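Colleague: okay, structure incoming, though there's no sequence with it:
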């Protein structure tokens, strides 16, 4: 991913809300800060493999879905 590129992760927030989790709960499960998870959910940061797998496990989504994201533009 190029620097300052934004990823469309609206589906990630939707998946979290459907499961009834807060950002804090997912962040705790992924062993990261809430601010860090917020950046992932907003598409501003792509997590490493372990963190990504922990998020997938908590939300019950497949790693394949998580990795299939597409860039939608550039951050200002």
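Modeller: Done, it's in. All values derive from a computational prediction rather than experimental measurement.
Colleague: all strands for this structure, in order.
Modeller: Using DSSP state E, the strands of the chain run over 5-7, 71-74.
Colleague: buried residues of stretch 42-51, list them for me.
Modeller: Residues 43, 46, 47, 51 are the ones in stretch 42-51 that count as buried (16 or more other CB atoms under 10 Å). C-betas here are computed from N, CA, C, even on glycine.
Colleague: same deal with stretch 22-41?
Modeller: Going by neighbour count (16+ other CB under 10 Å), the buried part of stretch 22-41 is 23, 26, 27, 28, 30, 32, 36, 37, 38, 40, 41.
Colleague: tell me how far the first one lies from residue 35.
Modeller: For residue 23, the distance to residue 35 (CB to CB, to the nearest Å) stands at 9 Å.
Colleague: quick revisit: can you flag the weakest of the strands of the chain by average pLDDT?
Modeller: Of all these, mean pLDDT reaches its minimum on strand 71-74 (a mean of 40).
Colleague: could I get the contacting residues of the nearest residue to residue 40 once chain neighbours are set aside?
Modeller: Counting by CB to CB, 6 or more residues apart in numbering, residue 47 is the residue found nearest to residue 40 once chain neighbours are left out, at 5.4 Å. Contacts for residue 47 (CB atoms under 8 Å, 6 or more residues apart in numbering) come out as 30, 32, 40, 55.
Colleague: pLDDT and distance to residue 67 for the buried residues of stretch 22-41 - can I get that in a markdown table?
Modeller: Below are the buried residues of stretch 22-41 laid out as a markdown table (pLDDT from 0 to 100; distance: CB to CB, whole Å):
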| residue | pLDDT | distance to residue 67 |
| --- | --- | --- |
| 23 | 98 | 21 |
| 26 | 98 | 17 |
| 27 | 98 | 20 |
| 28 | 98 | 23 |
| 30 | 98 | 16 |
| 32 | 98 | 18 |
| 36 | 98 | 19 |
| 37 | 98 | 17 |
| 38 | 97 | 20 |
| 40 | 94 | 13 |
| 41 | 93 | 16 |
